[in-house]
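**Student:** sharing a model prediction with you, sequence too.
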Amino acid sequence: MTSQHIEFSKESPALKLDVLKAFNRARACELHLPHGTVHTPVFMPVGTQGTIKGITTEQMALPPIDCKILLANTYHLALRPGTDLIDDMGGLHQYMNWNRNILTDSGGFQMVSLLELAQITEVGVEFQSPVDGTTMLLTPEMSIAHQNNIGADIIMALDDVAPSTIEDDARFLEATDRTLRWIDRCIAAHKKPHCQNLFGIVQGGLDTSIGGLRDRCIQGMIERNLPGYAIGGLAGGEDKTSFWKVVAMSAERLPANKPRYLMGVGYPVDLVVCSALGVDMFDCVYPTRTGRFGTGITSKGLLRLKLAEFAMDSSPLDSECACFVCQKYTRSYLHQVMKTEGSIGPQLITYHNITYMLHLMTSVRNAILQGNFPQFVQYFMKSWYPNEPVPEWVIEALKVAESVASHYLDVNEVEMSRVPLLRRLILSAESSVLSAKQMMGLRIDIPSETSLFQFASAQATQEWLVSSDQAIGGSSTCSFEFVPHEEMKDDKDAPQAGAAVFSGNLSLSIQPTEQYVVRSGYCAIRGNVPQNLHLHGYKGLAMRIKTDGRTYRINAQADSWNPHDLYMGFLKAPANEWVEAELAFSDFILTSRGYVQMNDPTKLNPASLRTIGIALADDNEGPFSMAIEWIKAIENVDTTQVAPKPNVSLKTDLLEEDEVHPELNQDKQEPKRPRKSDLII
């Protein structure tokens, strides 16, 4: 299908961009491509190998999804089934029965995601296949040839991608200069400019200075006069302040008459903020991967449907969504099908997540067109952060985008002149007062302690998630059950009502069928912190416990742009004694995917605490047991009650399910944080 009514320019014979309306930097456009018109800002779902996992192309094309453009990956398609075969079948559109637009990534992202399997030279990138170990050379010329065979409407130049978090100026300089040299090779190799649009990718690390690496790369790309441009090298673990500043600078300096594409970004808050900064196109596997693991993206935030709290929830997944999943199924049903083996649960949640993402972008676009973009941003942020401050980086970015008006702030409790001191956007009424006083240095009177969990009945334990390495082929077993007082008669200090007992057997053995699992040995429990609590000002956790003397890991999750961020503390109490152990929030360390983030100073903020967990993950096989009466947030931490940070095993990398089965995760697009330290916990 070709847009015959569109008069494409000689400059871009297969692309035309019409800017319909703008609100400061944010803009709503029509992007005319060979397979139809795309309305921007737009989110492009990722079908790495020509398919969205669990969703058919017919479902993608029909309402309410009605997707106009999706993404496929050159590297993975070249591996399987091969682009010559795709070309013989009439191109990817015909091969996958998709008569709408396709964008293909060049394969450059795999330099980061498969960093340990790639060797980069001036010639190109040599990859070792994670599937069978064979090597594959990808040069700029070969990348373009593959994409010409695939027949995508937009094809990406091969770029040299340096992880955004490395501290190596020479590597960033090399990658920037090489990206500019490779774009010329891509242009020369491109055989189908009349029907395929070649986009250049801007690199340059986090340098946003005038005349710096990003600026040089942008100017170099503009000189090539390409149909469109992408902002690359982000979403790799960099801090959010650096992230938005790079996006703002790049979008501002790229041509206004060409589409701007931010690669690998798909968290809903990021989409809204970066649309405000002037980005037109986005892609990410976030909605599909989180769907496969049971997380629904809704108008009120994220719902982790495997949690026990949804077992009896008769509500729809999202009351504001018109997709058939939300119209026909309850959260309880989705919880149950995610707890059983089979594909229906991931398919249903993935379908909803894609629907949500595309409708979110429709809402952004309509708000711009209707002239009420500030009001939309206000509504969105209130929905996603109903009880806590909007992140400071969001506020800073929106101010630069000039999409924040004074009425965004709730000024019933504070004078407008004080607002710049607060650096807050939207708070609930009570939380607004607490934060305002805190930011202005006023005394905040809070109770000396606030109960988070009281284990006085069986229901209290049923709301916690229990997991072990059996999910990845290990043999450890564990449970979290309430034991009433009468069954603890031999324990004279046992709580009057009883206690919750986290117990089981830790095993390091691996099932012989699990050839991709490199280690095992963990058991864990996790509970959701009640969201009606205000934890501003609290300094730590207190727990009344009785343990076997082993070292346990206390895990805390807080609001974060990175879903893999986890704060860890360590607890080693005397064996077989009831004690009140205390841990300071300042002693928790930030980790991501099991790796300590040595260069990230972010501290655990109790106001944004979402979950508390307890885990055992060491090399000591055998039975374990921890009894817990309660967990509290406390205002003052008695350092004499805090067990010294133990020299625990620093070699027990806690792998996630999607990391131990690489053959099942070829569509993995979201980069991990690079390993900043050998410290693995």
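**Tutor:** Sure, I can see it. Every value quoted in this text rests on a predicted model; they were computed, and no experiment measured them. Numbering: from 1, shown residues only.
**Student:** wait, Glu582 sits on Glu635?
**Tutor:** No: assessed by C-beta atoms under 8 Å, Glu582 is found out of contact with Glu635, at 11.3 Å. C-beta here means a position set from N, CA and C on the backbone, and glycine is covered the same way.
**Student:** burial of Glu402, as a residue count?
**Tutor:** By other C-beta atoms under 10 Å, 13 other residues sit near Glu402.
**Student:** any idea of the pLDDT on the closest residue to it other than its chain neighbours?
**Tutor:** Once flanking residues are discounted, Glu402 sits nearest to Asn24: 4.0 Å by C-beta to C-beta, 6 or more residues apart in numbering. Note for Asn24: predicted pLDDT of 93.
**Student:** likewise Glu629?
**Tutor:** Per-residue pLDDT puts Glu629 at 96.
**Student:** per the record, what domains does the chain have?
**Tutor:** Domain segmentation of the chain under the TED database yields 16-402, 449-634.
**Student:** just tell me which of these ends up closest to Phe8.
**Tutor:** Judged by C-beta to C-beta, the one of the domains of the chain that comes nearest to Phe8 is domain 16-402, at 5.3 Å.
**Student:** low-confidence stretches in the stretch 101-250 of the chain?
**Tutor:** For the stretch 101-250 of the chain, the stretches with pLDDT under 70 are 108-117, 129-133.
**Student:** so which helix or strand of the protein has the lowest pLDDT on average?
**Tutor:** Taking mean pLDDT, DSSP states H and E as the measure, the helix or strand of the chain with the lowest value is helix 419-422, at a mean of 30.
**Student:** that older thread, out of Glu582 and Glu635, which sits in the busier spot?
**Tutor:** Glu582 (21 against 14).
**Student:** wait, is that one part of a strand?
**Tutor:** Yes: per DSSP: H, G, I helix; E, B strand; the rest coil, Glu582 lies within a strand segment.
**Student:** please report the distance of it from Ile545.
**Tutor:** Distance, Glu582 to Ile545, using C-beta to C-beta, to the nearest Å: 11 Å.
**Student:** sorry, back to before: for the domains of the chain, could you give me CSV that also reports distance to Phe8?
**Tutor:** CSV is the format used below for the domains of the chain (distance: least, C-beta to C-beta, whole Å):
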stretch, distance to Phe8
domain 16-402, 5
domain 449-634, 38
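**Student:** tell me, which of those domains is the model least confident about?
**Tutor:** Across the domains of the chain, the lowest-scoring stretch is domain 449-634, with a mean of 86.
**Student:** how far away from the center of its chain is that domain?
**Tutor:** Here domain 449-634 is found 23 Å from its chain centre; the criterion is C-alpha atoms, centre = their mean, to the nearest Å.
**Student:** what's the end-to-end length of it?
**Tutor:** Domain 449-634 has an end-to-end distance of 4 Å (criterion: C-alpha to C-alpha, to the nearest Å).
**Student:** got it, and stretch 597-614?
**Tutor:** 20 Å.
**Student:** buried ones in it, by neighbour count?
**Tutor:** 597, 600, 604-614 (16 or more other C-beta atoms under 10 Å).
**Student:** so which of these are in strands?
**Tutor:** Per DSSP state E, strands hold the following members of those: Leu609, Arg610, Thr611, Ile612, Gly613, Ile614.
**Student:** just the domains of the chain: most buried one?
**Tutor:** Of the domains of the chain, the one with the most neighbours on average (mean count of other C-beta atoms under 10 Å) is domain 16-402, at a mean of 20.
**Student:** wait, Glu540 sits on Ile631?
**Tutor:** Small correction: residue 540 is Gly, not Glu. No: checked against C-beta under 8 Å, the pair Gly540 and Ile631 is beyond contact range at 11.2 Å.
**Student:** check the gap between Phe43 and Phe373 for me.
**Tutor:** To Phe373, Phe43 is 17 Å away according to C-beta to C-beta.
**Student:** so who does the residue nearest to Ser12 when sequence neighbours are not counted touch?
**Tutor:** The shortest distance from Ser12 to any non-neighbouring residue, by C-beta to C-beta, 6+ apart, is to Pro227 (4.0 Å). When contacts are counted by C-beta atoms under 8 Å, 6 or more residues apart in numbering, Pro227 touches Glu11, Ser12, Ala14, Leu15, Ile154, Asn197, Leu198, Phe199, Lys258, Pro259.
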